[in-house]
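Student: Fold the following and give me the result.
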Amino acid sequence: MNQSDIEDFTGKSPDNEQKAKALAGDRLRSYIERIERLEEERKALAADVKDIYSEVKSAGFDVKVVRQLIRIRKQEPAEVEEQEMLLDIYRAAIGMLGGKPLSERTRQRFDPPAEQDEPKAPQPRGEGADQETASEEQETPPAAARGSTHEDIAAARAQGGEDQRAGKKITGNPWPFDDLRRAAWDEGWCAAAGTDGMDIPDAWRRRSKKPEGEK
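Tutor: Model (predicted):
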């Protein structure tokens, strides 16, 4: 059987088949070589980045913080804000606020503005209003003494948990901003919010991104 007979029988020419196999091999080799070149370039770039981090450290900057900043710069501002709010909520739930209360934006994850009570209208100031304000200011303890003891902190944390179970909103924190008990109350409230036997609260979840074009 000659070559023409083989081609008539199989529909393929042995020479063409060999050429096709050669072309497939050449294509595969091309892919591999391109990957290898990129791998070498990546190694070179990694070495360059490592050298820059060495410069950062030599200049006195904290390398871990710089790495964190680089990760943050890759994210959208809204994503960074939500991540920081979730981090604060999780810290509060395990008692790690360290005296720093939750921000109002973070509180609004539990109590959105549309659901908040209407703000009270300012009361008219009568003749005794100034005396009443002065009396309240005199009763306010110095900032250094506000919630500075372990007993104060523990009591405020327990109160936060009780208030949450009683249905009080997190925006109703009774302590002023310069009082350490404010953060402790937040910790107690958040810890209680996650122990109702149900699934974790929606405020603890990362919110899904809106479809592109949706405001």
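Student: any idea which residue sits dead centre in this protein?
Tutor: The chain has Gln83 as the residue nearest its centroid, 1.2 Å off, counting by C-alpha atoms, centre = their mean.
Student: Contacts for the helix or strand encompassing that one, please.
Tutor: In this structure, Gln83 sits in helix 77-93 according to DSSP states H and E. Outside helix 77-93, the residues that touch it by C-beta atoms under 8 Å, 6 or more residues apart in numbering are 72, 75, 97-98, 102-103, 105-106, 109, 183, 186-187, 189-191, 193-194, 203-204, 206-207. All C-beta spots, glycine's among them, are computed from the backbone N, C-alpha and C.
Student: Dump that helix to PDB, keeping only the CA atoms.
Tutor: Extracted in PDB, the C-alpha atoms of helix 77-93 (Å, rounded to 0.1, in the frame of the first residue of the first chain):
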ATOM      1  CA  PRO A  77     -12.500  53.100  50.000                       C
ATOM      2  CA  ALA A  78     -16.000  51.700  50.900                       C
ATOM      3  CA  GLU A  79     -14.500  48.200  51.200                       C
ATOM      4  CA  VAL A  80     -11.800  49.500  53.600                       C
ATOM      5  CA  GLU A  81     -14.400  51.300  55.700                       C
ATOM      6  CA  GLU A  82     -16.600  48.200  56.000                       C
ATOM      7  CA  GLN A  83     -13.600  46.100  56.900                       C
ATOM      8  CA  GLU A  84     -12.600  48.500  59.700                       C
ATOM      9  CA  MET A  85     -16.200  48.600  61.000                       C
ATOM     10  CA  LEU A  86     -16.400  44.800  61.100                       C
ATOM     11  CA  LEU A  87     -13.000  44.600  62.800                       C
ATOM     12  CA  ASP A  88     -14.300  47.000  65.500                       C
ATOM     13  CA  ILE A  89     -17.500  45.000  66.000                       C
ATOM     14  CA  TYR A  90     -15.500  41.800  66.300                       C
ATOM     15  CA  ARG A  91     -13.100  43.400  68.700                       C
ATOM     16  CA  ALA A  92     -16.000  44.700  70.800                       C
ATOM     17  CA  ALA A  93     -17.600  41.200  70.900                       C
END
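Student: chain center to stretch 68-86, what's the gap?
Tutor: From the chain centre to the centre of stretch 68-86 is a distance of 6 Å (C-alpha atoms, centre = their mean, to the nearest Å).
Student: which of the residues in it are buried?
Tutor: 82, 85-86 (16 or more other C-beta atoms under 10 Å).
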